[in-house]
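*Asks:* With the input below, show me the fold.
(2 chains)
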Amino acid sequence: MAIAENINKSNGGDDVMRTADGTPLKLSLQRAQRRQKQRTFFLVVPLLVFILFSFVFPILNMLTRSVEDPQVVSYMPNTLKALEDWDGESLPGEPVFEAMAQDFKIGRENKTIGRVGKRLNYEESGMRGLFNKTGRRIDKIETGPWKQAFLDIDKKWANVKTFTIIQRHDSAYSASYYIAALDLKQNEQNEIVRQDEERRIYVSLFLRTFGVSFLIAVLTLLLGFPIAYLMANLPLRYSNLLMILVLLPFWTSLLVRTTSWIVLLQSQGVINDVLVAMGLIDDENRVQMIFNMTGTIVAMTHILLPFMVLPLYSVMRTIPPSYMRAARSLGANQFVAFVRIYLPQTVPGISAGAILVFILAIGYYITPALVGGETGQLISNIIAYHMQRSLNWGLAGALGSILLLSVLVLFGLYSRFLGLRGLKFG
Amino acid sequence: MTTEHFVQFKNVQKSYDGETLVVKNLNLSIGKGEFLTMLGPSGSGKTTCLMMLAGFETTTHGDILLGDKSINNVPPHERGIGMVFQNYALFPHMSVAENLAFPLEVRKIPRADIEQKVQRALDMVELSDFGARRPAQLSGGQQQRVAVARALVFEPDLVLMDEPLGALDKKLREQMQYEIKHIHERLGVTIVYVTHDQSEALTMSDRIAVFNDGIIQQLSSPVELYEKPTTTFVSQFIGENNSLQGRVREISNGIATVELRGGKIVRAQAVNVQGENTDTILSIRPERIVVDPDGASVGELSTLEGQIEELIYLGDHIRTRMKVVDCDDFIVKIPNVHGHKILGSGQKVSVGWLTEDCRALDCSVLNMEGKAQ
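*Replies:* Take a look at the predicted model:
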């Protein structure tokens, strides 16, 4: 009785569990665990900071760049304001041209008008030239009428489309890079329509990238499955040796591996020489196996193979041989036993390996760049092109974001249907 | 098909490396409907024999016959032998019912029949309501029963069991022993059972083949195996046993006169001795030894002096460790009955046994120990 009373007292009469001195149990537990939590947190801080700066920040930067569109808003504010009353169909009147002259003069002074031209050039080629030329000439004209002055400088100012394009950029943020990345464009009526036939490149490149990645996932599966099976079922002595052979590519520089494929596959390379020597092909008709799609696929399959073999192996190792034996003893021949008993149990490994290879292949850059030639380029190469050559970072950001999104969608589907528990490697 | 020789091993040899034989010239005949257990320590070749019978290992030499036909070249799935594996090997991605249906489906039995047979098999192992569950959702004992049901559902004439109860705890294991035994009695199926657990073998079997070092040491019924071991290995492997080394001085009418170390002479059944003036090991069961035997016994007695080293109270009997001749691990079980002798450590007593309970056996165990050193 006394004990029961005591407990009641320490409970303080309410339903909260309390320690002997009356502090709520939860609070007490939190205090006790705080130090441990702090220690855990400090252990991961360096990595957290590193990831923040090397991963989270660049991705956020890429995402903002893909929607940022500040040039026209910042450098042609008067023009945009004057265009507010424009009907959008006929050529704008004198006030718009006057405002534009003002913007051009300021832009010329601050050397910013070229940026507007460069930005608008993505939408319509020739805009950069128009803006530079107009900037130079308009500086020398002191008074209006401005409309005539502009028309004298270049006939393109008589084109309604030029103003449609300028007006379209009345916001600091726009989806125009995404529109371009999806091979779409906005026509004079501001409707989103498909890009002209010969200018559609990105969608087909995306599709090609997905197709190639899928093909590589299938190829690595076909090549990796037997070797993983062998590794899982051989005595440890031999399977370790096989494991080393599988991992060997991992320990070799990517460039070395890729270059060795060039040595093997090029038209004056080992394989072609052998084929010619055996008389299978003529010296003049050497097979082009590299600097095209074949080269990209061969080299990438080789490089990504371990990413398929390791998850497969780790799953297969956990399947005891007694399952196959049981199936055989129950009357199934080798094939039926394999298909109905062994294969279904390797599905977690197959899906983990396939998703890993596929996702890696989607964003693969260096191999296609080295051995892809013209036809073997993937989406990552065009992103790199926009980053390094054309300096259209907005478009590069939009393409990268689409790539990121498609990987996330895939990953989401994977975890939805197969669960992330299956993702174990090695 | 003869009922006597349903399964036959004829001069079967098996080697994995081409240098040593794992199974040495095995001859064994199993009758139809028999429950035969292959018993032996690990590495004795018993599992290899089972695997050769199932078709997962090939014989290096000799024939295995099933119903008068050699099955050496018959693949496992055409042998029609049911098998229960050590860890059950229930297919984890299939439900219990699908597991049971699997052998029927691969035999292309009509759907309706399959369902009926599966249900009957589930009823047999008292798991009627568990058909929809996954194996992982069952307890060890239930998985075991499913494995047995699956091996029986396609009505094979022969079922092999490879240490099927090894993963269960003691109580469940004993319960399953009876269940398997009853299923055997009910269905009349032939069962070849492999285990290293002697009590399991004694409980369940019609006959037991004791394996050691690739040969069958003894093939007989559980009673005979325990009461009348023919080799020292069997006497020591099955149950508890006292061994005394000695030398055969004389054999007459099946009775050997054996001189123990220290010159004591005892008489024993000459079961497995090479002849006069050869070494032998005497084997006596602890429960057949009487302390301070009085004259009123039923047969010829041998008596020796012993000194008590240790007494262990085990409830139903008192386990007494003594030093007798040169053996200081001589065990006597004194039953805890009214008026049993109260003994103390260090006390000197005389111990005795009937000549028919003392068996003079081979020295092969000794030789092997000698080789090991």
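
*Asks:* Secondary structure element for residue B:27, which one?
*Replies:* Per DSSP states H and E: residue B:27 is located in strand B:23-30.

*Asks:* by contact count, what packs against the next helix or strand after that strand?
*Replies:* For strand B:23-30, the following helix or strand on the C-terminal side (DSSP H and E) is strand B:35-39. If you count contacts as 3 or more Cβ pairs under 8 Å, 6 or more residues apart in numbering or on different chains; DSSP states H and E, strand B:35-39 packs onto helix B:46-54, strand B:190-195, helix B:198-204, strand B:207-212. Backbone N, C-alpha and C define where each C-beta goes, glycine included.

*Asks:* Please see if the longest one touches chain A.
*Replies:* Put plainly, it is helix B:46-54. Yes - Helix B:46-54 is in contact with chain A by Cβ under 8 Å from any Cβ of the partner chain, via residue B:54.

*Asks:* Just the buried residues of the helix or strand following that helix, please?
*Replies:* Downstream of helix B:46-54, the next assigned helix or strand under DSSP H and E is strand B:61-66. By 16 or more other Cβ atoms under 10 Å in any protein chain shown, the buried positions in strand B:61-66 come out as B:62, B:64, B:65, B:66.

*Asks:* could you check the angle strand B:190-195 makes with strand B:61-66?
*Replies:* 130 degrees (axes from the mean of the first three to the mean of the last three Cα atoms, to 10 degrees).

*Asks:* pLDDT score for whichever residue of the stretch 151-300 of chain A sits closest to chain B?
*Replies:* Distances between the stretch 151-300 of chain A and chain B by Cβ to the nearest Cβ are smallest at residue A:235, namely 11.5 Å. Listed pLDDT for residue A:235 reads 88.

*Asks:* now residue A:204
*Replies:* In this prediction residue A:204 is given a pLDDT of 91.

*Asks:* Quick check: closest non-adjacent residue to it.
*Replies:* Counting by Cβ to Cβ, 6 or more residues apart in numbering or on different chains, residue A:183 is the residue found nearest to residue A:204 once chain neighbours are left out, at 7.8 Å.

*Asks:* Which of the buried residues of strand B:61-66 sits closest to chain A?
*Replies:* Nearest to chain A among these, with distances taken as Cβ to the nearest Cβ, is residue B:66, at 13.5 Å.

*Asks:* quick one: residue B:269 is in a helix?
*Replies:* No - per DSSP: H, G, I helix; E, B strand; the rest coil, residue B:269 lies outside any helix segment and is strand.

*Asks:* if we can go back for a sec, generate CSV for the buried residues of strand B:61-66, with pLDDT as supplementary columns.
*Replies:* Listed next are those as CSV, based on pLDDT from 0 to 100:
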residue, pLDDT
B:62, 92
B:64, 93
B:65, 93
B:66, 92
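
*Asks:* any chance of those in CSV, with distance to residue B:17 too?
*Replies:* Converted to CSV, the buried residues of strand B:61-66 look like this (distance: Cβ to Cβ, whole Å):
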residue, distance to residue B:17
B:62, 18
B:64, 21
B:65, 27
B:66, 28
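
*Asks:* Check the residues you listed and tell me the two furthest apart.
*Replies:* Within these, two members stand farthest from each other by Cβ to Cβ: B:62 and B:66, at 14.0 Å.

*Asks:* roughly how far apart are residue A:203 and residue A:209?
*Replies:* Using Cβ to Cβ, to the nearest Å, residue A:203 is found at 11 Å from residue A:209.

*Asks:* Over to residue A:316?
*Replies:* For residue A:316 relative to residue A:209 (Cβ to Cβ), the value is 30 Å.

*Asks:* Have a look at those two and say which one is more surrounded.
*Replies:* residue A:209 (23 against 19; other Cβ atoms under 10 Å in any protein chain shown).

*Asks:* Can you give me the pLDDT of that one?
*Replies:* According to the prediction, residue A:209 has pLDDT 93.

*Asks:* Residue B:366 now?
*Replies:* 58.

*Asks:* cool, and residue B:266?
*Replies:* Residue B:266 carries a pLDDT score of 88 in this model.

*Asks:* would it count as being in a strand?
*Replies:* Yes - under three-state DSSP, residue B:266 falls within a strand.

*Asks:* quick revisit: go through the strand holding residue B:27 and flag the buried ones.
*Replies:* Residues of strand B:23-30 classed as buried by neighbour count (16+ other Cβ under 10 Å): B:23, B:26, B:28, B:29, B:30.

*Asks:* where are the low-confidence patches of the chain?
*Replies:* Unless you meant another one, I'm taking chain A. A:1-14, A:419-426 (pLDDT under 70).

*Asks:* The chain in question should be chain B.
*Replies:* B:1-3, B:294-298, B:365-373.

*Asks:* What parts of it come near chain A?
*Replies:* Residues of chain B found near chain A (Cβ under 8 Å from any Cβ) are B:54-56, B:75-83, B:85-87, B:89-93, B:102-103, B:106-107, B:150-151, B:154, B:160.

*Asks:* are any of those residues buried, and which?
*Replies:* B:54-56, B:76-77, B:79-83, B:85-87, B:89-91, B:102-103, B:106, B:150-151, B:154, B:160.

*Asks:* Pull the number of nearby residues for residue 287.
*Replies:* You didn't say which chain, so I picked chain A. Neighbour tally, residue A:287, other Cβ under 10 Å: 15.

*Asks:* meant chain B actually
*Replies:* 15.

*Asks:* Using the three-state scheme, assign it.
*Replies:* Per three-state DSSP, residue B:287 ends up helix.

*Asks:* Please name the nearest non-neighbouring residue to it.
*Replies:* Closest to residue B:287 by Cβ to Cβ, 6+ apart is residue B:333, at 4.7 Å.
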